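In: any chance you can model this:
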Amino acid sequence: MSAERGLRRWHAAVEGGNDAAVLGAMIAEDAVFHSPVVHTPQKGRPIVTAYLAAAGQTAAAAPAPAAATPPTVVRG
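Out: Numbering: from 1, shown residues only. Prediction:
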């Protein structure tokens, strides 16, 4: 699976309720998650699923970015 397709599937899973079973179904048994926080590779479906589920909860709890407002042009 391409990274782009995998990311789309993860986003869909998060938007669909962040179900660990759905996340686990898309993760290979021998998956490895490289965390910039933990600094060591996290190996295997259960731990990778747990990290992605936690990331999904964090993303879902974050406020949506405000809509961009076009700049106001003031002419004097």
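In: so, low pLDDT: which residues of the protein?
Out: Along the chain, the model assigns pLDDT under 70 to residues 1, 59-76.
In: for it, what spans make up the strands?
Out: Assigned by DSSP state E, the strands in the chain fall at 32-34, 41-43.
In: distance to residue 22 added to those, as CSV?
Out: From N, CA and C alone the C-beta is placed, and that goes for glycine too. Listed next are the strands of the chain as CSV, based on distance: least, CB to CB, whole Å:
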stretch, distance to residue 22
strand 32-34, 17
strand 41-43, 19
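In: these into JSON lines, with extra columns for mean neighbour count?
Out: Putting the strands of the chain into JSON lines (neighbours: other CB atoms under 10 Å) gives the following:
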{"stretch": "strand 32-34", "mean neighbour count": "12"}
{"stretch": "strand 41-43", "mean neighbour count": "13"}
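In: among those strands, which comes closest to residue 56?
Out: Residue 56 lies closest, by CB to CB, to one member of these: strand 32-34, at 13.3 Å.
In: how far is the closest one from where the chain is centred?
Out: Distance of strand 32-34 from the chain centroid (CA atoms, centre = their mean, to the nearest Å) equals 13 Å.
In: that one - which strands sit beside it in the sheet, and in what orientation?
Out: Paired neighbours of strand 32-34 in the sheet (DSSP bridges): strand 41-43 (antiparallel).
In: residues touching the strand it pairs with, excluding its own?
Out: Under the criterion CB atoms under 8 Å, 6 or more residues apart in numbering, residues 30, 31, 32, 33, 34, 35, 48, 51 lie in contact with strand 41-43.
In: contact partners for residue 6?
Out: Residue 6 makes contact with residue 26 under the criterion CB under 8 Å, 6+ apart.
In: state the distance from it to residue 39.
Out: Applying CB to CB, to the nearest Å, the value for residue 6 to residue 39 is 23 Å.
In: now residue 26
Out: 25 Å.
In: for this structure, which helix is longest?
Out: Counting residues, the longest helix found in the chain (DSSP state H) is helix 45-61.
In: ok, residue 13 touching residue 20?
Out: No - with contacts defined as CB atoms under 8 Å, residue 13 does not count as touching residue 20, sitting 9.4 Å away.
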